[in-house]
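Asker: From the sequence below, what's the structure:
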Amino acid sequence: MSKERLLLRVSKGCLTPADEHTQAVMRERGYHIGDVLSAELRKPRNPEFHRLAHVFGQMLADNLEDFEGLSAHTVLKRIQLEAGIACDELWLNMPSIGPVAYRIPKSISFAQMDEAEFLETYRQMCEYVSKRYWKDLDAQQIQDMAQVMVRAA
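Answerer: This next block holds a predicted model:
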């Protein structure tokens, strides 16, 4: 499981907490001025891509019978699992069956997945939906429909 990412803002010669949540977490962890911390620094995604994932999942739930009644989040996780997109695999040795792959979908949340990885995951999801569920549309048409819905929202 990924660790929580904290948002930092670049200031002149330093990094400062970018929001109240990050300030609170840093206080709870006992970080003080002058402490040396290790970090992996990445730019978070464009906020439009955060909306895009939810709109894409909802668009599928609203238009495809196979996803009827599911939340946008559940649709996204189901596609990840079915297609093995942005998943970790754990191999289990099942008695009387043998080795079986157990997929664990990675979080595609705004704070957990960077923009490049999200765009590749989203592209693969559209490709999968086009081949498996919406065969009369290609992946680009599905991406375009979701983009139009994001702009309209």
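
Asker: can I assume Glu89 sits in a strand?
Answerer: Yes - judged by DSSP: H, G, I helix; E, B strand; the rest coil, Glu89 forms part of a strand.

Asker: Where does pLDDT dip in the chain?
Answerer: Applying pLDDT under 70 to the chain flags the ranges 1-3, 153.

Asker: hmm, 50 instead?
Answerer: For the chain, applying pLDDT under 50 flags the ranges 1.

Asker: In space, not sequence, find me the middle residue of it.
Answerer: Geometric centre of the chain, nearest residue: Ile108, 1.0 Å, by Cα atoms, centre = their mean.

Asker: what separates that one from Leu41, distance-wise?
Answerer: Using Cβ to Cβ, to the nearest Å, we find Ile108 at a distance of 20 Å from Leu41. (C-beta placed from N, C-alpha, C; glycine too.)

Asker: Likewise for Ser107?
Answerer: As defined by Cβ to Cβ, Ser107 lies at a distance of 19 Å from Leu41.

Asker: and what of Asp138?
Answerer: Per Cβ to Cβ, Asp138 is found 37 Å from Leu41.

Asker: In terms of packing, which of these two has more residues around it?
Answerer: Ranked by neighbour count (other Cβ atoms under 10 Å), Asp138 and Leu41 place Asp138 first, with 14 against 7.

Asker: ranges for the helices of this structure?
Answerer: Secondary structure of the chain (DSSP state H): helices at 20-28, 47-63, 72-83, 115-132, 139-152.
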